[in-house]
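S.K.: Just to be clear, the model below is a prediction. Sequence and coordinates:
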Amino acid sequence: MEASDLVSRLQSLGLQHKSAVSLVKTEPHYVLDMAAQHKGGEDSKLAVTSSNYTIRLFSRFSLAQTQTLTGHTDVISGIHFLHSDPELLVTSSHDKTVRVWDCRASSTQEVQLFKGESNTNCSFLSCDVNASDRVICAGTEKTSADTYLLFWDRRKAAVLGCYEDSHDDDVTEVRFHPTAEKSLLSGSTDGLVNVFDVMQTSEDDALMSTYNTESSVEKAGWCGPDARYVYCITHMRTWHVWDTDGDEDIQQISDVEGKLESLSKVDYLVDCIPAATPSNQYLLVAGTHSGDLHFLDLSDSEDPKVVSSLKGGHSDTVRCLHWDRETETLVTGGEDSLLCLWSPNAAHGKEVTAQQRKVKPKKVTPTKRTKPYTR
């Protein structure tokens, strides 16, 4: 899809459905994060975490709630569906566990549970599963002087290894490459974004690239041609993009809000929507605390442009989003306890209420090994 096509698709979006995750106005259950199954079809599921430590499953295209998964006892920090079996869901939490759930099961009990070993038994602040679904990685909170990236073999529920020297503070993001199962990026409040080849036998050999944002990393991921680029959003609302092929610094914008001040109000940066085209590899999504969303074309770093906006769905900060290329629909979740489905040329928004509930955050500690990935 060309960048201009992505922009035109976003410009055609209108509010189709709303789903209330919580109806309690005094203590709303914030939507914290979401993940969508790696499959299409009307039965496709959306998994949503909220501030009461629960996971709710919704229909991706009607936002009707279908199931609730409970078990975590603290803030859920990461959520991802597996690729080969999209009915399996991986989550990490500040309760020092990583869990795998079967969305087909009538029971709400997890089917696998992973923890660190003695000295690495820490709160998990992020997690992901690689493209082959074999390896799970989770990043920990800093405990004493150490912070860790822990790896497990999902098939054996065994700890494969641990990286402990590449970050000096909380690991807020881990992301495997969408197709290259050996490539992993990590981001931390120490300001560093690292890229690893986890097939290497030691942490030193595995570390391929280090990028310094000089700030605290909030979100990071892959974008660009063949997902070759790494992007990062910091807690100071700066934006960075690097090309891992040659470690080129492609873009850095330290004052997105200021550059847009005369055009649109922006309070924070939400995430990136990759366009998957050489001409324009990404659109940045920004928001206001009153719930408006703006899609930004950053092809000119000195002159970012608002190419589309969405209003009337949320009334508070938007925490997460999911763009579906196949159906050209967008789902957003926010601190107003709402999920909003945005569809092309939607005329009216329908509201779907869901059962109430609530969620909140915590922390983690790991072991020392050198081989996180074994052939």
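M.R.: Yep, that arrived. This is a predicted model, so every value here is computed, not measured.
S.K.: Pull the contacting residues for residue 141.
M.R.: Shown in contact with residue 141 (C-beta atoms under 8 Å, 6 or more residues apart in numbering): 94, 122, 123, 124, 125, 147, 170, 171, 363, 364. No exception for glycine: its C-beta is placed from N, CA and C like everyone else's.
S.K.: ok, now how distant is it from residue 18?
M.R.: Distance, residue 141 to residue 18, using C-beta to C-beta, to the nearest Å: 34 Å.
S.K.: re the thing from before, if you look at the contacts of residue 141, which of them are in strands?
M.R.: Those of the contacts of residue 141 mapping onto strands are 124, 125, 171, per DSSP state E.
S.K.: and of these, the nearest to residue 154?
M.R.: Closest approach to residue 154 among the ones in strands among the contacts of residue 141 (C-beta to C-beta): residue 124, at 15.2 Å.
S.K.: which residues pair with the nearest residue to the closest one once chain neighbours are set aside across the strands?
M.R.: Nearest-residue entry for residue 124: residue 92, 3.9 Å, with adjacent residues in sequence omitted and distances by C-beta to C-beta, 6 or more residues apart in numbering. Beta-bridge pairing for residue 92 (DSSP bridges): residue 78, residue 98.
S.K.: surely residue 34 meets residue 45?
M.R.: No: shown here, residue 34 and residue 45 do not form a contact pair, counting by C-beta atoms under 8 Å, at 10.6 Å.
S.K.: any low-confidence regions in this protein?
M.R.: Filtered on pLDDT under 70, the chain yields the residue ranges 1-4, 21-28, 261-264, 276-281, 345, 347-375.
S.K.: quick one, strands of the stretch 1-150 of the chain?
M.R.: Remark: strands assigned in the stretch 1-150 of the chain by DSSP state E, counting those that start in this stretch are 13-20, 31-36, 45-50, 55-59, 65-69, 76-81, 88-93, 98-102, 112-114, 124-129, 135-140, 149-153.
S.K.: The residue nearest to residue 124 is in contact with residue 127, isn't it?
M.R.: Yes: between residue 92 and residue 127 there is a contact under C-beta under 8 Å: 3.5 Å.
S.K.: Quickly list what's touching both of the two.
M.R.: 77, 78, 98, 138.
S.K.: Tabulate the residues you listed (JSON lines), appending neighbour count.
M.R.: Below are the shared contacts of residue 92 and residue 127 laid out as JSON lines (neighbours: other C-beta atoms under 10 Å):
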{"residue": "77", "neighbour count": "29"}
{"residue": "78", "neighbour count": "25"}
{"residue": "98", "neighbour count": "27"}
{"residue": "138", "neighbour count": "31"}
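S.K.: right, and the pair among these with maximum separation?
M.R.: 77 and 98 (9.7 Å).
S.K.: Mind listing the shared neighbours of those two?
M.R.: 92, 124, 127.
S.K.: Make CSV from those and add distance to residue 216 and neighbour count to it.
M.R.: Output for these, formatted as CSV (distance: C-beta to C-beta, whole Å; neighbours: other C-beta atoms under 10 Å):
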residue, distance to residue 216, neighbour count
92, 19, 31
124, 18, 33
127, 19, 26
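S.K.: Which of the residues you listed sits closest to residue 53?
M.R.: Ranked by distance to residue 53 (C-beta to C-beta), the shared contacts of residue 77 and residue 98 are led by residue 92 at 12.2 Å.
S.K.: re the thing from before, can you put the shared contacts of residue 77 and residue 98 in TSV and add distance to residue 319?
M.R.: As requested, the shared contacts of residue 77 and residue 98 are arranged in TSV below (distance: C-beta to C-beta, whole Å):
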residue	distance to residue 319
92	17
124	18
127	17
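S.K.: From the contacts of residue 141, pick the one nearest residue 105.
M.R.: residue 124 (22.8 Å).
S.K.: so that closest one bridges to which residues?
M.R.: residue 140.
S.K.: helices or strands up against the longest helix belonging to the chain?
M.R.: Ordering each helix of the chain by length in residues (DSSP state H) puts helix 3-11 first. Judged by 3 or more C-beta pairs under 8 Å, 6 or more residues apart in numbering; DSSP states H and E, the packing partners of helix 3-11 are strand 282-287, strand 293-297, strand 305-310.
S.K.: list the contacts for the nearest residue to residue 298 once chain neighbours are set aside?
M.R.: Closest residue to residue 298 apart from its sequence neighbours, by C-beta to C-beta, 6+ apart: residue 304 at 5.1 Å. By C-beta under 8 Å, 6+ apart, residue 304 lies in contact with 253, 256, 259, 260, 284, 296, 297, 298.
S.K.: ok, now with 6 Å
M.R.: When contacts are counted by C-beta atoms under 6 Å, 6 or more residues apart in numbering, residue 304 is found next to 259, 296, 298.
S.K.: Next up, the contacts around the closest residue to residue 93 other than its chain neighbours.
M.R.: Of all residues not flanking residue 93 in the chain, residue 72 sits nearest, at 4.3 Å (C-beta to C-beta, 6+ apart). By C-beta under 6 Å, 6+ apart, the contact set of residue 72 is 53, 93, 95.
S.K.: Would you agree the last one is in contact with residue 74?
M.R.: Yes: counting by C-beta atoms under 6 Å, residue 74 is a contact partner of residue 95 at 3.9 Å.
S.K.: more crowded one of residue 34 and residue 45?
M.R.: residue 34 (22 against 19; other C-beta atoms under 10 Å).
S.K.: residues near residue 172, how many?
M.R.: 23.
S.K.: How about residue 330: what's its closest non-neighbour residue?
M.R.: That would be residue 342: by C-beta to C-beta, 6+ apart, it lies 4.3 Å from residue 330.
S.K.: wait, doesn't the one you found sit right on residue 12?
M.R.: No: here residue 342 does not reach residue 12: they are 9.5 Å apart, not a contact under C-beta under 6 Å.
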